[in-house]
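**Student:** how would this look folded up:
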Amino acid sequence: MTSAHGGRVLNLDSLARLRRGLRTPGPALRLPVPDGMTAPLGCDAVAVPARLGRLVMPRLPRAGCVYADATHWWWLVPADSDHALEWPSPARYATGAVVPDAPEIPELIHRPNGKLPYTPPIPLYLALCRVTGTAPAWSRPVSA
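**Tutor:** Modelled structure (predicted):
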């Protein structure tokens with residue numbers, strides 16, 4: 001595509017391809033499901049800064065697999081647990097339980113009893129809202 005002046009016009013798709021091309025692809029580290037456990041619903045993860053992780057953990061009625069390093073804690077949740085949820089900042093939702101920018105897989109610091117690795121997403125969401133001072137999305141006023 002060219003402009004009226006003969007220069008090349010970049011559309012959003014072109015810019016997105018260029019941005020992806022600038023990234024140096026490193027190995028995609030994924031949080032593993034521990035041996036002996038199954039993840040029939042697939043796995044995603046929710047990451048928070050380590051200082052918040054320590055505050056969230058005691059607020060959960062049940063925690064699934066939790067991984068940690070010096071800077072972040074990650075909770076395994078069923079895939080698509082971000083559907084219709086705005087996870088409060090500074091939480092980050094990691095589709096496929098991929099840990100971006102980590103030099104190695106974080107250490108498993110909590111493993112639940114049983115065969116499922118998941119932390120129930122709604123209690124995790126509410127605990128994160130509580131420690132971040134964020135109102136849950138469904139309790140915010142709706143504008144017309």
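**Student:** Ala50 reaches Thr71, doesn't it?
**Tutor:** Yes: with contact defined as C-beta atoms under 8 Å, Ala50 counts as touching Thr71 (5.7 Å). In short, each C-beta sits where N, CA and C put it, glycine included.
**Student:** So for stretch 28-42, mean pLDDT?
**Tutor:** The pLDDT scores in stretch 28-42 average 95.
**Student:** buried sites along that stretch?
**Tutor:** 29, 31-33, 37, 39 (16 or more other C-beta atoms under 10 Å).
**Student:** Go through those and name the one nearest Arg111.
**Tutor:** Met37 (8.0 Å; C-beta to C-beta).
**Student:** hang on, that closest one is in a strand, isn't it?
**Tutor:** No: counting by DSSP: H, G, I helix; E, B strand; the rest coil, Met37 is not part of a strand but coil.
**Student:** tell me the contacts of the residue lying closest to it once chain neighbours are set aside?
**Tutor:** Distances taken as C-beta to C-beta, 6 or more residues apart in numbering place Pro117 nearest to Met37, at 4.8 Å, with adjacent residues excluded. Contact analysis of Pro117 by C-beta atoms under 8 Å, 6 or more residues apart in numbering lists 33-34, 37, 39, 43, 64-65, 76, 111.
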